[in-house]
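Asker: My questions concern the predicted model and sequence given below.
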Amino acid sequence: GLINQFEVLDVEWDHSLGSNTLDLLLAKHFAEEFKQQGGDDVMSVPKAMAKLRRQVRRTKEILSANSAAPMSVEELHAGKDFQSSIKREVFEAMAEDFWQRAAAPLSKLLARNKLKPSDVDAVELLGGGSRVPKLQAVLSEALGGRHLDRHLDADEAVVLGAGLFAANLSSSFRLRKFGMTDVAVFGVSFESNDLFVPAAPPIDPATATSKKAWKGKATKAAEDAEADGATASGKSGHVVKSLLPAGKKLPIKRAIKYSNLTIDGFSFDLHYNTSTVHGLPPGVEDPQLASFQVSGIQDAIKRYNSSGVTTLRFEADYSSLLHFSIAECVVEVSIVEDKVIEVQVPVSKVNETGVTAMGDANSSKSAAPAADAAKEAAAEHMKDGATDGAEQKDKNDAAEMVGSGTVPPAAGNDTTGSSVNKTVTVKKTIQVPRRKTFHVGLAVSGAGPRHPPLAGDVFAAARSHIAAWRAAEVVKAATAKAKNDLEAYIISTREKLETDENLRQVTVELDRVKLIEQLTEAEDWLYGDGEHEAAEAFRTKLAGLKATGDPMVTRANELELRPQVVERLSMSQCIFYGANVPATHS
């Protein structure tokens with residue numbers, strides 16, 4: 001069945017290789033031949049090289065299906081034409097280094113993931129260069145001679161996939177959802193030179209109530225140390241931490257946390273981790289990504305007597321772009337709140353103390369047994385974790401927190417033994433400890449991203465530039481269409497004047513000669529002075545030609561269709577007359 005989600009496990013590539021490399025190799029080869037034939041060195045002539053590279057792409061495609069391919073460029077340079085040919089084996093020998101390097105990323109990928117070619121279920125070829133037979137053979141050999149799949153359009157698959165993925169993320173398109181989990185190719189590190197982290201206090205096993213509790217504290221301390229960054233140095237202030245490890249699944253949220261900081265602020269940089277497998281992205285020489293300054297930690301200390309956990313939060317999106325989202329101090333404070341609970345008290349204890357049915361007592365001591373029962377119930381209440389965030393303490397501690405309460409009237413004044421098992425509900429007020437969390441936002445400043453997103457005047461200028469480019473493309477497309485329409489009309493009308501007998505029958509020689517002269521004049525203008533004219537000039541020229549040529553073509557079409565129309569009309573009349581002939585009876 002169809003698979004609607006997939007996961008990227010690893011990637012490997014050589015950014016210096018590609019089908020364009022083969023095109024350039026062929027272009028250099030033919031440029032040298034043109035020079036040997038007496039032409040100029042066109043390697044430094046952009047217009048000539050553009051013509052040459054456009055043609056070598058066609059030559060390469062022909063070589064993919066044939067053992068040899070021709071090469072021809074009209075007026076390559078200085079009015080000189082160029083013609084040549086090349087055999088496939090010559091081409092493959094020229095690109096020997098390319099074939100060896102092409103299989104290297106595949107071999108690295110298998111070795112890094114400890115895979116054998118037989119472990120791979122399918123290999124799909126993408127890209128225009130994948131049609132080259134020699135490249136297919138090299139890749140197949142690197143995979144142990146296995147078959148390579150080509151189920152997708154090699155040229156369009158990547159673009160269509162990107163478009164579908166973008167539509168899947170957008171809320172403006174409705175399509176069946178599919179999932180993709182990508183990985184971060186380049187690692188990103190966090191580094192600070194003034195982040196002084198206090199040393200964590202040692203854990204004394206003797207202070208723990210049990211061996212299990214000591215292990216729990218040790219585990220918690222290890223987790224805190226990992227969150228705070230094991231490479232932090234309290235003396236030098238130098239901290240280096242892997243923020244986004246290479247190979248991490250995307251998208252992802254990351255946080256860097258440091259507990260109980262006493263400084264007011266610190267600065268930090270984000271940079272590519274050059275020690276990872278892929279190091280720096282192609283074309284990037286400086287690993288620096290961003291620089292920030294965080295301040296305001298002392299405000300949290302003044303307000304809550306602690307900085308708590310200073311947290312820096314980051315988000316990496318599907319494109320592996322890292323965003324610094326928030327900096328804050330998360331402080332937990334212990335508070336005590338009053339809470340009213342209900343406890344069950346035996347009626348016998350209430351009656352023994354002289355509590356009346358209306359809940360009256362002779363003295364404060366009269367409610368002592370009821371209070372004791374309330375203490376026990378409160379302790380059980382806290383032990384079961386029903387106090388909404390209260391810490392679970394032992395029964396004696398809970399009982400000490402029980403305040404005064406009111407004993408409601410008993411069910412009756414019966415003091416006989418029959419009321420021994422009966423109970424009444426007593427409301428008591430207890431003090432419950434809670435831990436409340438406060439978030440204190442920190443001020444963020446600094447240079448920020450080295451390449452910040454477009455904004456303000458720069459963004460407006462970019463939008464204006466794109467709008468102008470789109471308008472120019474519309475004009476270019478309209479001009480090309482008008483030029484093609486004129487060219488097509490000239491070719492088709494001249495052909496009709498030369499071959500259409502009906503056209504000759506409905507026109508005189510003088511009119512045909514005049515139209516041919518107009519067509520020739522328009523053609524010379526089209527490929528000469530009018531080559532760079534606007535669309536309106538081509539439309540005007542076409543309208544002038546149609547004013548002379550269309551009436552001739554219309555008369556020729558009428559001449560061709562007249563016999564058919566007359567025949568149909570005659571048949572219609574026969575049917576009509578036949579329908580009005582009265583039937584004869586024998």
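Answerer: Cool, got the structure.
Asker: Now do the buried residues in stretch 537-557.
Answerer: Neighbour counts over stretch 537-557 (16 or more other C-beta atoms under 10 Å) mark A537, F538, R539, K541, L542, L545, G549, M552, V553, A556 as buried. C-beta: built from backbone N, CA, C; applies to glycine.
Asker: Now do the same for stretch 532-542: mean pLDDT, whole number.
Answerer: Across stretch 532-542, pLDDT averages out at 91.
Asker: helices or strands up against the longest strand along the chain?
Answerer: In the chain, with assignment by DSSP state E, the single longest strand is strand 322-346. In terms of contacts (3 or more C-beta pairs under 8 Å, 6 or more residues apart in numbering; DSSP states H and E), strand 322-346 is packed against strand 288-295, helix 297-304, strand 309-316, helix 368-383, strand 423-441, strand 443-449.
Asker: From the chain's centroid, how far away is it?
Answerer: Here strand 322-346 shows a centroid-to-chain-centroid distance of 38 Å under the convention C-alpha atoms, centre = their mean, to the nearest Å.
Asker: Might you list the low-confidence residue ranges for the protein?
Answerer: In the predicted model of the chain, residues 1-3, 200-235, 348-421, 573-586 satisfy pLDDT under 70.
Asker: can you tell me which residue is nearest the centre of it?
Answerer: Closest residue to the average C-alpha location of the chain: Y318 at 3.4 Å, with C-alpha atoms, centre = their mean.
Asker: list the contacts for that residue?
Answerer: By C-beta atoms under 8 Å, 6 or more residues apart in numbering, Y318 lies in contact with F165, L169, M180, D182, L250, P251.
Asker: which of those residues are buried?
Answerer: Buried residues within the contacts of Y318, counting neighbours by 16+ other C-beta under 10 Å: M180, D182, L250.
Asker: Which members of these occur in strands, if any?
Answerer: Using DSSP E, the subset of the buried ones among the contacts of Y318 located in strands is M180, D182, L250.
Asker: before we move on, back to that, does the residue nearest to the centre of the chain count as helix, strand or coil?
Answerer: Secondary structure for Y318, judged by DSSP: H, G, I helix; E, B strand; the rest coil, is coil.
Asker: Not counting its neighbours along the chain, what's nearest N557?
Answerer: N502 (7.7 Å; C-beta to C-beta, 6 or more residues apart in numbering).
Asker: So the one you found versus T520, what's the distance?
Answerer: N502 sits 23 Å away from T520, going by C-beta to C-beta, to the nearest Å.
Asker: and what of L109?
Answerer: Note on L109: its distance to T520, by C-beta to C-beta, is 62 Å.
Asker: How about V440?
Answerer: Remark: distance between V440 and T520 (C-beta to C-beta) = 84 Å.
Asker: Name the residue in those two with the higher neighbour count.
Answerer: Between V440 and T520, V440 has the larger neighbour count (other C-beta atoms under 10 Å), namely 19 against 12.
Asker: ok, that one touching V331?
Answerer: Yes: using C-beta atoms under 8 Å, V440 is in contact with V331, at 6.6 Å.
Asker: what do the two both touch?
Answerer: Shared contacts of V440 and V331 (C-beta under 8 Å, 6+ apart): A300, Y304, G308.
Asker: can I get those residues in TSV with distance to G79 and neighbour count?
Answerer: Below are those laid out as TSV (distance: C-beta to C-beta, whole Å; neighbours: other C-beta atoms under 10 Å):
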residue	distance to G79	neighbour count
A300	79	23
Y304	84	15
G308	80	23
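Asker: need the next SSE after the helix or strand hosting K476, C-terminal direction.
Answerer: Using DSSP states H and E, K476 sits in helix 456-499. Using DSSP H and E, the next helix or strand after helix 456-499 towards the C-terminus is helix 501-506.
Asker: what sits up against the next helix or strand after that next one?
Answerer: Sequence-wise, the next helix or strand downstream of helix 501-506 (DSSP H and E) is helix 509-527. The contact list for helix 509-527 (C-beta under 8 Å, 6+ apart) reads 483, 486-487, 490, 493-494, 497, 503-504, 538, 541, 544-545, 548-549, 552.
Asker: cool, and stretch 494-504?
Answerer: With contact meaning C-beta under 8 Å, 6+ apart, stretch 494-504 is reached by R512, L515, I516, L519, M552, V553, A556, N557, L559, E560.
Asker: 6 Å - rerun?
Answerer: R512, L519, A556, L559, E560 (C-beta atoms under 6 Å, 6 or more residues apart in numbering).
Asker: Nearest to V284 among those?
Answerer: Closest approach between the contacts of stretch 494-504 and V284, by C-beta to C-beta: L519, at 57.6 Å.
Asker: how deep is that closest one tucked in, by neighbour count?
Answerer: L519 has 19 neighbouring residues, counting by other C-beta under 10 Å.
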